[in-house]
Every structure is written in structure tokens, then in C-alpha cells.
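*Asks:* A predicted structure for the sequence below; I have some questions about it.
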Amino acid sequence: MNHQVLARKWRPHNFTEIVGQEHVSQSLINALQHNRLHHAYLFTGTRGVGKTTIARILAKAINCENLQNYNPCGQCAVCQALDEGRFLDLIEVDAASRTKVEDTRDLLDNAQYAPNVGKYKVYLIDEVHMLSGHSFNALLKTLEEPPEHVKFLLATTDPQKIPVTVLSRCLQFNLKCLTPSQISEQMAYILGEEKIEFEQGALRLIARAADGSMRDGLSLLDQAIVFGNDVVSTETVSQMLGTIAQQPVEDLLRCLAQKDAQKVLHTIKDLAELTPDFADILQQVLYVLNRLALIQLVPSVADAEEDAEMLSELSQLFSAEELQLYYQIALMGQKDLGLAPEPRAGFEMIMLRMLAFNPQFSGVKPQNRVAPVVAQKPRPQSSSVQREAAEPRIVPQVIPEAVSPIAIENETTEPNADLPWHDVVDAMKLMGLTRELANNCILESLDEQQCRLILDPKQAQIRSPRSEEKLQSAVQKYYGKALKLVIKTESVASDTPAIKNHKAKLNRQQEAVDAIDNDENIQALKTNFDARVIPGSIEPVQNNSEEK
């Protein structure tokens, strides 16, 4: 019957025990050390990050009879009275329930009198932004000329509503949202002290659901302990939160990497049988995509992840452009999901949209179309010449596909050792960072023992041991020799495949623009109907199987 919830039982009692707010606790310790205490402090931040807790610890510290390294000792009469809520010189007020000016005046009338037992009389006003305008004016008069024995500790979740005249008289500290790792580490420590079994994956789910609030995290942990019968497991926490494990999300991303719409829909069907919250699944997809993009640019980020092996493997399956595209579609899809007639249907459309907007996706073959979008201005009258120009139907011009030398080469059994590096990269059919690494290199030399490449220094950040290992394996497989891959970073003398691809793309674009400008039908529309080609609407016709 004497059970106490974890958020209250494990509330910090000194600055050392505070988690994630070191910038605040260290500043207050320094102020105590040099006797530079301000008369008014304002603590701001979202719910459950420690505003009131830090204010109480500060009230304890400035009145403690025996500071230990400028931390309240917790043993003296003042510390014990404060911990038990019976310290007469701490006047704690909830501004949300005392907004009237009369309440504020009554509260401050006693500020002129000396403290009863402590060194300072401390006014702790929580949610101070809820005070009325007249109440702020009454408070301001005391803040302007406070008695030496009075300290004001204000806490709020919305500092924007506090008058600037009050803000200017306070020393303000903004408390940060806690990271999931900080919350999960603290929960692991508490469960260890409480002798309760737990799984690390379950704590990660709770920490993520806490959304930066330690108090919310501990409240969810209390619920998980009861729900799991004193065992905090990933399965029970997933059921409690209505979330799913990371494995289905990993499977979904692998299907996206394969650009297989049928597998994507089948995976979503399996997910639907678990009756999940699809908004939460979308959040998990966004989280993993974010980690993958970071790992591609800074591979060392994976070392700090608990699922480092899985994330590193997934990062190789996507190009940097694909991750940015998928992340943006998922991010925008969050607001569309609530408008869908059914959550599963909305989630399916978001996943299919990722494939539909991927240039490499060939699930649906579009019909040949006229590249430009032509806007016409209607004219009141037409001459016979104009009608003749307008009547013929525009026949879509299909640009013939050139025969790729790579396709011919792939039909042979022996690779061509003299094939340019640009064509070798295409023939090896690399993906992700491995392809990016190869595309930004030039071939320096090739012999029976080594394949020596030169990497463009501007792209040095894409180099990683894993991508080099995969590229060496692909080179060995292509040439049929146990070649050692040697890559050095220095200025390249010729164009890399990446630069050649970019130039080729610009050339194709210019050819398409020239073809439209020289088209007789387009010229007739421009002459007779004041038509114009909308800038940016011309696209070269590409082969759907082209990977660039």
C-alpha cells in the first residue's frame, strides 16, 4: 500500500543525480561556489525534463547547512525538511490555480519578513506564464527591488507568454529534451536497482515513446512493469504501446531497396495482421531512413548504434538520392495519412509513392509521350494557313535507343581488360555507396596483382572500409583474378565516371531542347497561336532499364 511511482521515487535530490541538464546544473554549482546567486531564476522547457526538480534542488542548496562540493548534503535539518515538504521558507505555488492579482499580492506581502529557519525565503512559482497581466505587474514590483533574503525560482513550459519586463529581470535557463539513449540508460539503472528483469529493446521503445521527457518515460516504465508482471520485455512493451518490432520495418526497407512493389504490399499485408498503428510504423521508417543517410555520409555513426550491423548493411542497398527521396515522401506522408479513408491504404500509397517517383523503378512502363508541355493562348480568329498548321496531329517523336556497348560486353564470357573504367563500373552493376565510390574514381593502372584507383578528393567522405571491400570483391569477380584494390586520394587528371555521367545528362537535355525548338509543329504553334514552351518541362526520353 506504500508503493511510490518511479518518477517520484527516483526524482534527483542533488545536482549530481540530474540527467541530461549538465549545462544548467554546472552553472548553478559555479554560482554557489563563487557566491554569485541571482535573485530570480527562470527555468524553461517541455514537460518532464526537470524544471521544478532543479528549482527544488537549488532551493535546498542555498539553504543547506553543510554543502558537499556545493551539492546539498541531504542530511541536515533543512535538506530533510525540504525533501519531506515541510520547509517553511519554501513557498511553492502553482500559478495555473492562482492567477488572480489578489492571490499574488497576498503571496508577496510576506516577502519583506525574514525567513523562519533558513538563510533565504524561496518563492517557487510553477507554470508562471499562467499569471494574469495584473499579477505579473504585482510580481514585477517585487522583482525590481527584492529583499536580500528572497529568491524567486520560476518555471514555465511557455516563456513566450511571460512579459519581457519580467524576463529581463530573471536569469533564464532553457532545459533540453532528453535523448532516447539518456532516458533508456537511466531506466536501465533504475530497473537494476529495483531488481526487475528487462530487455534493452523494450527500453528503447519506451524511451522513444517518451518524446524527450524523463517523467513520461518513467510513467510508461511503471505501466510496462505492471503490464509485463514485473518483467519488461520487448514483446509486452510493443503490445502496450501498440508498436511493432523493428524486424518488419527492416523487411519493408529491403523490399523498397529491391524496388519490388508486390513484396512491399505483401509485407504491409503481414503487418496489418498485427493491427499496428501505421502512423507509428511510418515514424519508425523515418527514423531508420535518417540513420541510414547519416551512416552513408559518416560511417562511424554506425558504431554508436546497437543495430550497427543491420543499419550498415541496409545503407549499402540505397543510393544517397534514394534515401533523401524516401525520407521526404515519408515526412510529407505523415500529414496525408490522417486524411486517408483507411490507415493501411494511406500507408500503402506512401510506400508505392516512393517507388513511383524513383527514376530506377520499372514496375509500370509509361507510354511514349511528347516531352514538352505546350501552353496555348486562344486567338479570336484563324486564317486558313493557321488552320492548316493547327489541324495536323503532333506525332510523338521517339528517340531511338542506342545500342549499349555494356549490353554487348555482358554477353561475352571473358571481360575486356581494355574496357574504359566508366564502362567497367556499369558492367559490375554496383549499388549504393559502393557505386558512388567507383563512380568518383579513375583507373590509374591494372596488372595481374593490383587494380589501382585514384579517388577525387572532393568525394573523400564516401570512402569506407565496407564500400572498399565490396568494390574489391566486384573487381575480382569482373576480371576473374584475385586482384588487390588500392585507392589513393589525389587530384584526378581526367573525368571520373560521375562527371562523365553528369556531362552526358546535360548533353541529352540540350539535345532534347534543340529537338523541340527545331520541331516544325512546335514552331507552327508558336507562330500562329502565340504558344510557348514552359521552361523546365522538356525531358529527354530515357530507357526504363537505364540505371543512371
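*Replies:* In hand now; what should we look at?
*Asks:* Going along the chain, name the helices of the stretch 201-350 of the chain.
*Replies:* Assigned helices in the stretch 201-350 of the chain, in chain order: 214-227, 234-241, 246-258, 261-272, 278-297, 308-315, 320-337, 343-356 (criterion: DSSP state H, counting those that start in this stretch).
*Asks:* The protein: strands as residue ranges?
*Replies:* Per DSSP state E, the chain carries strands over the ranges 40-44, 90-94, 121-126, 150-156, 171-174, 197-198, 231-232, 374-375, 441-446, 450-455, 484-489, 532-533.
*Asks:* Of the ones you listed, which shows the lowest average pLDDT?
*Replies:* Comparing mean pLDDT over these, the weakest stretch is strand 374-375, at a mean of 46.
*Asks:* one step back: quick check: which of the helices of the stretch 201-350 of the chain is nearest to residue 3?
*Replies:* Nearest to residue 3 among these is helix 214-227; the distance by CB to CB comes to 9.6 Å. C-beta coordinates here come from the backbone N, C-alpha and C atoms, glycine included.
*Asks:* Would you mark the buried spots in the closest one?
*Replies:* The neighbour-count check on helix 214-227 (16 or more other CB atoms under 10 Å) flags 214-221, 224-225, 227 as buried.
*Asks:* Redo those residues as TSV? Include distance to residue 509.
*Replies:* Converted to TSV, the buried residues of helix 214-227 look like this (distance: CB to CB, whole Å):
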residue	distance to residue 509
214	54
215	56
216	52
217	52
218	58
219	57
220	53
221	57
224	56
225	62
227	59
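*Asks:* The stretch 401-548 of the chain: helices as residue ranges?
*Replies:* Secondary structure of the stretch 401-548 of the chain, counting by DSSP H, counting those that start in this stretch: helices at 405-410, 421-428, 432-439, 465-479, 497-517, 520-529.
*Asks:* List the buried residues in the fifth one.
*Replies:* Read it as helix 497-517. In helix 497-517, counting by 16+ other CB under 10 Å, buried: 497-499, 501, 512-513, 515-516.
*Asks:* Over to the second one?
*Replies:* By neighbour count on 16+ other CB under 10 Å, the buried set for helix 421-428 is 421-422, 424-428.
*Asks:* of the residues you listed, closest to residue 108?
*Replies:* residue 425 (75.9 Å).
*Asks:* Contact partners for the closest one?
*Replies:* 435, 438-439, 497 (CB atoms under 8 Å, 6 or more residues apart in numbering).
*Asks:* cool, residue 486 as well?
*Replies:* Neighbours of residue 486 in contact, by CB under 8 Å, 6+ apart: 450-453.
*Asks:* what's the answer for residue 117, then?
*Replies:* Residue 117 neighbours (CB under 8 Å, 6+ apart): 77-78, 81, 87-89.
*Asks:* same check, this time on residue 509
*Replies:* 538-540 are the contacts of residue 509 under CB under 8 Å, 6+ apart.
*Asks:* and which of the residues you listed is nearest to residue 443?
*Replies:* Nearest to residue 443 among those, with distances taken as CB to CB, is residue 540, at 28.4 Å.
*Asks:* how deep is that closest one tucked in, by neighbour count?
*Replies:* Neighbours of residue 540 under the rule other CB atoms under 10 Å: 15.
*Asks:* Tell me if I'm right that it and residue 512 touch.
*Replies:* Yes - if you go by CB atoms under 8 Å, residue 540 and residue 512 touch, sitting 4.1 Å apart.
*Asks:* Considering the contacts of residue 509, which is situated nearest to residue 180?
*Replies:* Closest to residue 180, out of all of the contacts of residue 509 and judged by CB to CB, is residue 539, at 43.0 Å.
*Asks:* Please parse this protein into its domains.
*Replies:* 6-174, 180-241, 246-356, 371-392+404-548 (automatic domain parsing).
*Asks:* Comparing these, which yields the minimum mean pLDDT?
*Replies:* In terms of average pLDDT, domain 371-392+404-548 trails the rest of the domains of the chain, at a mean of 75.
*Asks:* right, so of the helices of the stretch 401-548 of the chain, which gets closest to residue 138?
*Replies:* Closest to residue 138 of these, according to CB to CB: helix 432-439, at 63.0 Å.
*Asks:* Report the distance from that closest one to the chain centre.
*Replies:* 24 Å (CA atoms, centre = their mean, to the nearest Å).
*Asks:* can you check stretch 515-534 too?
*Replies:* Distance, centroid of stretch 515-534 to centroid of chain: 46 Å (CA atoms, centre = their mean).
*Asks:* Regarding that stretch, how distant is the last residue from the first?
*Replies:* End-to-end distance for stretch 515-534: 15 Å, by CA to CA, to the nearest Å.
*Asks:* Next: stretch 105-114.
*Replies:* Distance between the boundary residues of stretch 105-114 (CA to CA) amounts to 17 Å.
*Asks:* Thanks again, I'm all set now.
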